[in-house]
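Trainee: Turn this into a model:
(chains A and B)
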Protein chains: 2
Amino acid sequence: MRFVVDGMGGDNSPSAVVEGAVMAVNDFSDIELVITGPQQAIQDELDKYQYEKGKITILDATEVISTNEHPVMAIKKKKDSSINKALQLVKQKEVDGIVSAGSTGAFLAGCTLIVGRIKGIDRPALAPIMPGLNGPFMVIDAGANVDCKPHYLEQFALMGKIYFESVLKHENPKVGLINIGSEEEKGNELTKSVHKLLKESNKNFIGNVEPREVTDGDVQVLVCDGFVGNTVLKMYEGVASNLFSMIKKNLMSSLTTKIGAAMSKPAFKKIKKEFDYTEYGGAAFLGVKGICIKAHGSSNAKAFKNAIRQAKKVYDNNIIEKIMEEIEKTTENKNKL
Amino acid sequence: MRFVVDGMGGDNSPSAVVEGAVMAVNDFSDIELVITGPQQAIQDELDKYQYEKGKITILDATEVISTNEHPVMAIKKKKDSSINKALQLVKQKEVDGIVSAGSTGAFLAGCTLIVGRIKGIDRPALAPIMPGLNGPFMVIDAGANVDCKPHYLEQFALMGKIYFESVLKHENPKVGLINIGSEEEKGNELTKSVHKLLKESNKNFIGNVEPREVTDGDVQVLVCDGFVGNTVLKMYEGVASNLFSMIKKNLMSSLTTKIGAAMSKPAFKKIKKEFDYTEYGGAAFLGVKGICIKAHGSSNAKAFKNAIRQAKKVYDNNIIEKIMEEIEKTTENKNKL
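Mentor: Take a look at the predicted model:
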């Protein structure tokens, strides 16, 4: 399989991206990569490492899209950007997918505009996997679609279930609707409608999941609109980060607690590892006609390598084809009615 | 001043409610209380404590509204419930306000239907104060209005600012809009419209606040619709609770970390205190013609006493009158245009 990597995407590009790419081809013998970006800059990075030369090629791209630019405008204007050129390769089926740590807005806009939606999918959705108390969980949509119609979320549920089953090898993942209140009649207009739809159409649907329970990890696929999903994700990051700051500050406030902290270190190290979202790679953008993985903007080489491994898993498990089949089935069923 | 207390509201009623009420009249010499609930049951609880007898009276109420009942239906049907009778006292101006730890839905519905909205206020909003890393912050609305029009949030901002200034004595509190993305053009249809409105009308408005930064406590008044607000609040509770569980589990996993944990205890105790939301009392329901404080359902006596103290602060600082004045001013200004 062959993927393209946006060499200039992310806070640590191109260095971390190139290093992660090298790690990926060294770790996985069946992966070949194309890296887009300024030829010389990418080559200079590549020269630092040992790897089988034929497995990584460079596609020269002179422009870069920053996170401050208007996503759609930038994608349309900057034809020679590393992300744009990478997406063209996906469109032309010269590669099987893309991994980028660059501007989320530009990535999502580019995947939709250039790679294109799967027939029958109304809105592709961003689906990161997060570590929960009792296991990993997915939030879908995590920010691609801020204003949603009920049937968009019905499709999110379907795509999320397929991904979780196939890539995370979870038999019968539970699908829940993020809602304020566990009862069916609770929530806003959107969630009330979605609840009805999911109850009828999705056999894995277990009902509403209150935000308090999201990070428990007892429900694997958490469906919501992109505004709520992004809020849930960013709250998770923010609260965890602030709590750890607070703990650190208080542990450093006296000699006794300092010694206590030193002795507690192995426990905190383990927690840090459990919370390491880079283990799961990036967020899959599901519903487009290609494997599109968005790595975290702050990805280091290891995180980037894991995002490439994730693309491989999506490829190995035929997720795109499975989504196509399932969507076709539901459309057929609806037409029959 | 005189408040009514819903004797049968909350997980620990009537015992914690009555104990908290006694603590309040003992601590604050200018407070008198009415407790609604089954005469004998409340009296039995009261008999356990020392206090100036004239300061607490009981108003007999034989029914109770549980959290499982449909809020509006229950308020309309159960005329003899502790919450309904309490709210009637507020309506008839026999008391200055109400404190309840009962069903949030029934409380909000009752305050709106029985006590009534302030003239000019479109939607009253629930406004809890939470502990942040660098100071307390308010989320308004935290769940009373799940589907909002932009000008509702404009009014939430105004009420939140008045409350924070007057009750928390914060000169010039910063007002922010919870939004996914810091730039003006980010967000969904609602937040984009609200951003424009607040930029024009609220001089304390500092722009969007991303969910990641909410718990920093650098922005005091955080405006959002009730669905997002409730999500933010419950995520905060859920993530904090899960993180502490995880820390505890890992600290108990070896002898060294167990000793470390014992030595670190003072630090964790301090954090627990910093996180003690009961210090701030309950959540004010702003925009109704009376002081309406919703205490947490799991309130113990101290939390309930603090909720009564909060009602006193709202009274002492004339919040209702201030909201009335400000809303009248903005309405006049709009009519002039």
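Trainee: Verify the stated contact: residue A:5 with residue A:97.
Mentor: No - under the criterion of Cβ atoms under 8 Å, residue A:5 makes no contact with residue A:97, lying 10.0 Å away. Every residue, glycine included, has its C-beta placed from N, CA and C.
Trainee: Buried by neighbour count: which residues of whatever helix or strand residue A:155 lives in qualify?
Mentor: Per DSSP states H and E: residue A:155 is located in helix A:150-167. Residues of helix A:150-167 classed as buried: A:150, A:152-167 (neighbour count, 16 or more other Cβ atoms under 10 Å in any protein chain shown).
Trainee: which other helices and strands contact it?
Mentor: Judged by 3 or more Cβ pairs under 8 Å, 6 or more residues apart in numbering or on different chains; DSSP states H and E, helix A:150-167 is in contact with strand A:125-127, strand A:135-140, strand A:175-178, helix A:189-201, strand A:221-223, strand A:283-286, helix A:301-316, helix A:319-336.
Trainee: can you tell me the average pLDDT over that helix?
Mentor: The predicted model assigns helix A:150-167 a mean pLDDT of 96.
Trainee: and the residue of the stretch 1-150 of chain A nearest chain B?
Mentor: Per Cβ to the nearest Cβ, residue A:146 is where the stretch 1-150 of chain A lies closest to chain B, at 3.8 Å.
Trainee: Low-confidence stretches in chain A?
Mentor: Under the criterion pLDDT under 70, the flagged ranges of chain A are A:337.
Trainee: what do you get if the cut-off is 80, keeping everything else the same?
Mentor: Filtered on pLDDT under 80, chain A yields the residue ranges A:274-281, A:331-337.
Trainee: What's the biggest helix in it, counting residues?
Mentor: Longest helix in chain A, counting residues (DSSP state H): helix A:226-251.
Trainee: Hey, what's the angle from the helix or strand that comes right after it to helix A:226-251? Just curious.
Mentor: Following helix A:226-251 in sequence order, the next helix or strand is helix A:255-274 (DSSP H and E). In terms of direction (axes from the mean of the first three to the mean of the last three Cα atoms, to 10 degrees), helix A:255-274 departs from helix A:226-251 by 150 degrees.
Trainee: what's helix A:255-274 packed up against?
Mentor: Applying 3+ Cβ pairs under 8 Å, 6+ apart, one finds that helix A:255-274 makes contact with helix A:226-251, helix B:226-251, helix B:255-274.
Trainee: what comes into contact with that helix?
Mentor: Residues outside helix A:255-274 that contact it (Cβ atoms under 8 Å, 6 or more residues apart in numbering or on different chains) are A:131, A:250-252, B:246-247, B:250-251, B:253-254, B:256-257, B:259-267.
Trainee: so how far is residue A:174 from residue A:132?
Mentor: Using Cβ to Cβ, to the nearest Å, we find residue A:132 at a distance of 12 Å from residue A:174.
Trainee: intersection of neighbour lists for these two?
Mentor: residue A:218.
Trainee: Need the phi and psi values for residue A:132.
Mentor: Here is the backbone geometry of residue A:132 (degrees, to the nearest 10): phi -110, psi 170.
Trainee: Any idea what it is bridged to?
Mentor: Partner residues in beta bridges with residue A:132, using DSSP bridges, are residue A:135.
Trainee: Tell me if I'm right that it and residue A:215 touch.
Mentor: Yes - taking contacts as Cβ under 8 Å, residue A:132 lies within contact range of residue A:215: 5.2 Å.
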